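Q: Give me a model of this one.
(one chain, ligands or ions: 2)
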Amino acid sequence: MKVGIIGAGMVGSSAAYALAMLGIASEIVLVDNNADLAQAQAEDISHAVPFVSATVVRAGDYDDCAGAGVIIISAGVSQKPGETRLELLGRNAEVFRNVIGRILQAAPQALLLIASNPVDIMTDIATRLSGLPPQRVIGSGTILDTARFRSLLGRHLQISPQSVHAYVLGEHGDSEVLGWSNAMVGAVPLQSFAQQAGRPVTDEVRLKIDAGVRGAAYKIIKGKGATYYGIGAGLARIVKTIARDQRDVLSVSSVTKELAGVTDVAASVPRVIGAEGIVMDLVPDLDETERIALNASARMLKDLALSVPC
Ligand SMILES: NC(=O)C1=CN([C@@H]2O[C@H](COP(=O)(O)OP(=O)(O)OC[C@H]3O[C@@H](n4cnc5c(N)ncnc54)[C@H](O)[C@@H]3O)[C@@H](O)[C@H]2O)C=CC1
Ligand SMILES: CC(=O)C(=O)O
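A: Residues are numbered from 1 along each chain as shown. Ligands and ions are numbered 1, 2, ... in the order given. Below you'll find the model as predicted:
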């Protein structure tokens, strides 16, 4: 599958690198306002390709994305230390007004995969601007937060994060909701596994993991200016399930008819993803605290999305 990437900065180039390393895409086209940057990123990544795959990686313009199955949008501004994702909204909405029409003209059949922040509201905006059905406009949503949750839980339980089945729901951002009540390890509920393993998940452990997941981006941005390897791998993972029609369950964002009592809102729940985009939403069983928090997260996202004209 050919993949176009609009925005060849840290996130776009990391996604291209992860895609090339996994050998998922036959061709990757990097497009950026800064053509020299796109060219340099493409050359650098293409020099890694002979070690692992046969992916053609090149810089180009929108027209070069013709025939792409997926277009990743990672263009726009990113957070400065201490800045929230929501503070990027006005600037990145303007970027999307500029790029969505050009993408549709070049690759009308492509699925859109949104990474730019605030990703849930950018997914809503991309859906409105494109006029595409919501199933074809996928926000990376909480795929990264879910990976962070599984990583920290796995570390606490001393097992592989791939054997932890737990999801972060709602906003990719400060109001996100960690799904503790339905978390599983293998086929065993989290608390039961923790007890059997002698690694209890106490209130103190929960608070520490919650802070670690919710605060990860702020901590990394303070330390090195940006986050990109995690989301790069997450975006490649989403492209893989689309390219191979794998129907994996991933927590991603999409305009959803109804979520925790809020209608027509873009936020994350686990969803089945295949070649045509989102195939099915999974409605998780939540406890009362989680349901209230998810309602608040979805309500905030909907109100903010409504404030942005397209
Ligand atoms: N969804 C997620 O989990 C994550 C999202 N992000 C978000 O991804 C976005 C990109 O972050 P970085 O790559 O670190 O930023 P960056 O500044 O390294 O790259 C952004 C690129 O977009 C380009 N650009 C800006 N306007 C453009 C336009 N109209 N057309 C084409 N290219 C344009 C810039 O020239 C720049 O190269 C940010 O909004 C950031 O907050 C970052 C990490 C995780
Ligand atoms: C920057 C961002 O959204 C993240 O790393 O979660």
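Q: What is the burial count for D248?
A: Neighbourhood size, D248 [other CB atoms under 10 Å]: 16. Every C-beta, even on glycine, is put in place using the N, C-alpha and C of the backbone.
Q: and the helix or strand hosting A296, what does it pack onto?
A: Here A296 sits within helix 288-306, counting by DSSP states H and E. Under the contact definition 3 or more CB pairs under 8 Å, 6 or more residues apart in numbering; DSSP states H and E, helix 288-306 sits against helix 119-130, strand 168-169, strand 177-178, strand 262-274.
Q: Would stretch 28-38 count as contacting ligand 1?
A: Yes. With CB under 6 Å from any ligand atom as the criterion, ligand 1 is reached by stretch 28-38 at D32, N33, N34, L37.
Q: Quick check: pLDDT value at the last one.
A: At L37 the predicted local distance difference test score is 98.
Q: In a strand, it, correct?
A: No. Using DSSP: H, G, I helix; E, B strand; the rest coil, the assignment for L37 is helix, not a strand.
Q: Look at the residue lying closest to it once chain neighbours are set aside and report its pLDDT.
A: Counting by CB to CB, 6 or more residues apart in numbering, L37 lies nearest to A8, which is 5.7 Å off, once chain neighbours are set aside. A8 carries a pLDDT value of 98.
Q: For A8, list the residues it contacts.
A: A16, L30, V31, D32, N34, L37, A38, Q41, A42, A59, S74 (CB atoms under 8 Å, 6 or more residues apart in numbering).
Q: Identify those among those that sit within helices.
A: Applying DSSP state H to the contacts of A8, the entries found in helices are A16, L37, A38, Q41, A42.
Q: Quick check, the fourth one in contact with A59.
A: Yes. Between Q41 and A59 there is a contact at 7.3 Å, judged by CB atoms under 8 Å.
Q: Mutual contacts of those two, please.
A: A8, L30, D32.
Q: wait, isn't E176 in contact with V168?
A: Yes. Using CB under 8 Å, E176 makes contact with V168 at a distance of 5.2 Å.
Q: pLDDT on the helix holding A296, on average?
A: On average, helix 288-306 scores 98.
Q: buried stuff in it?
A: Using 16 or more other CB atoms under 10 Å as the test for burial, helix 288-306 gives 290-291, 293-302, 304-305.
Q: How about stretch 161-175?
A: Here stretch 161-175 shows P161, V164, H165, A166, Y167, V168, L169, G170, E171, H172, G173, S175 as buried, counting by 16+ other CB under 10 Å.
Q: can you pull the contacts of the fourth one?
A: Put plainly, it is A166. Here A166 is in contact with T146, F149, R150, L153, L178, G179, W180, N182, A183, M184, L190 (criterion: CB under 8 Å, 6+ apart).
Q: what residues are up against the fourth one?
A: To tie it back to what came earlier, the one meant is L153. P161, V164, A166, A183, L190, I209.
Q: repeat for the last one
A: Going by CB under 8 Å, 6+ apart, L190 touches L153, A166, W180, A183, M184, V201.
Q: what would these look like in TSV with distance to ligand 2?
A: Formatted as TSV, the contacts of L190 follow (distance: CB to the nearest ligand atom, whole Å):
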residue	distance to ligand 2
L153	17
A166	17
W180	20
A183	20
M184	24
V201	23
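Q: Can you list phi and psi of the closest residue in space to N117 that isn't next to it in sequence for me?
A: Counting by CB to CB, 6+ apart, R85 is the residue found nearest to N117 once chain neighbours are left out, at 4.1 Å. Backbone geometry at R85, expressed as degrees, to the nearest 10, gives phi -60, psi -40.
Q: from the contacts of L190, which single one is nearest G139?
A: Nearest to G139 among the contacts of L190: A166, at 19.7 Å, using CB to CB.
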